[in-house]
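Chemist: I would like to see how this sequence folds:
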Amino acid sequence: MENKDSLKQPLPNRLYGTIIYWVSIIAAIICIVAPVIALAFPESNVLSPQYLFSTIWQGAKPAEVWATVGNGFPGGHFWINSLGSGDGLIQMGIVLGGFCAGLALLGAAVGYLKQKPRNFTWALLSVVITVFILLSAIGIYTQAE
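Modeler: Down below sits the predicted model:
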């Protein structure tokens, strides 16, 4: 039974929440399934899972871990070129979990443009933030060291 006196959330808020919810669930499923793939097919991973934890528990520094267990550090966005591997899929799931905010902001921008009166300022701001999130997710925009 619906209460006619209850407040209805604005369209941009509902779109943002729905997109965050579903994309987060998809990212979580990827992050659950990908480690199974990484362990089932260890030869296709960037890092060898058989030796990864023992190397870490021996106190090796990150550069030593990458040199010992892999072929050196391939860069922060190695997952883009390694989607066929389990650890590449794990990283993609993590990136998708972070990028869900960008997708949700695009949905909110659409909501801002569909509601009456239209709010162009918030729609534009949502799109600009989404562009920054996208550039960061694909490795173009990185933190300066």
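Chemist: and Ile90, what does it touch?
Modeler: Ile30, Cys31, Ala34, Pro35, Ala38, Trp79 (CB atoms under 8 Å, 6 or more residues apart in numbering). (C-beta placed from N, C-alpha, C; glycine too.)
Chemist: take those and keep only those in strands.
Modeler: Assignment to strands by DSSP state E places none of these there.
Chemist: quick check: the farthest pair among those residues?
Modeler: Across the contacts of Ile90, the two members that end up farthest from each other (CB to CB) are Pro35 and Trp79, 13.9 Å apart.
Chemist: neighbour-wise, which of these two wins?
Modeler: Using other CB atoms under 10 Å, the more surrounded residue of Pro35 and Trp79 is Trp79, with 21 against 15.
Chemist: and the nearest residue to that one once chain neighbours are set aside, what pLDDT?
Modeler: Computed as CB to CB, 6 or more residues apart in numbering, the closest residue to Trp79 that is not its neighbour in sequence is Gln91, at 3.4 Å. Per-residue confidence (pLDDT) for Gln91: 89.
Chemist: run a quick neighbour tally on Gln91.
Modeler: Look at Gln91: counted by other CB under 10 Å, it has 22 neighbours.
Chemist: show me where the protein has its helices.
Modeler: When secondary structure is read from DSSP state H, the chain shows helices at 11-40, 49-57, 62-69, 86-114, 120-137.
Chemist: deepest of those, which one?
Modeler: Ranked by mean neighbour count under mean count of other CB atoms under 10 Å, the helices of the chain are led by helix 86-114, which reaches a mean of 20.
Chemist: low pLDDT regions in the chain?
Modeler: By pLDDT under 70, the low-scoring segments of the chain are 1-5, 142-145.
Chemist: again, only this time at 80
Modeler: Residues of the chain that meet the criterion pLDDT under 80 lie in 1-6, 49-50, 75-77, 137-145.
Chemist: please put the alpha-carbon coordinates of stretch 92-109 into PDB.
Modeler: Only the C-alpha atoms of stretch 92-109 are listed here, as PDB (Å, rounded to 0.1, in the frame of the first residue of the first chain):
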ATOM      1  CA  MET A  92      38.800  -5.300 -13.700                       C
ATOM      2  CA  GLY A  93      36.300  -6.100 -11.000                       C
ATOM      3  CA  ILE A  94      37.900  -3.700  -8.600                       C
ATOM      4  CA  VAL A  95      38.100  -0.900 -11.200                       C
ATOM      5  CA  LEU A  96      34.400  -1.500 -12.100                       C
ATOM      6  CA  GLY A  97      33.500  -1.200  -8.500                       C
ATOM      7  CA  GLY A  98      35.200   2.200  -8.400                       C
ATOM      8  CA  PHE A  99      33.900   3.200 -11.800                       C
ATOM      9  CA  CYS A 100      30.300   2.500 -10.800                       C
ATOM     10  CA  ALA A 101      30.300   6.100  -9.400                       C
ATOM     11  CA  GLY A 102      31.100   7.400 -12.800                       C
ATOM     12  CA  LEU A 103      28.300   5.400 -14.400                       C
ATOM     13  CA  ALA A 104      25.900   6.400 -11.700                       C
ATOM     14  CA  LEU A 105      26.800  10.100 -12.200                       C
ATOM     15  CA  LEU A 106      26.000   9.700 -15.900                       C
ATOM     16  CA  GLY A 107      22.600   8.400 -14.900                       C
ATOM     17  CA  ALA A 108      22.100  11.300 -12.500                       C
ATOM     18  CA  ALA A 109      23.000  13.700 -15.300                       C
END
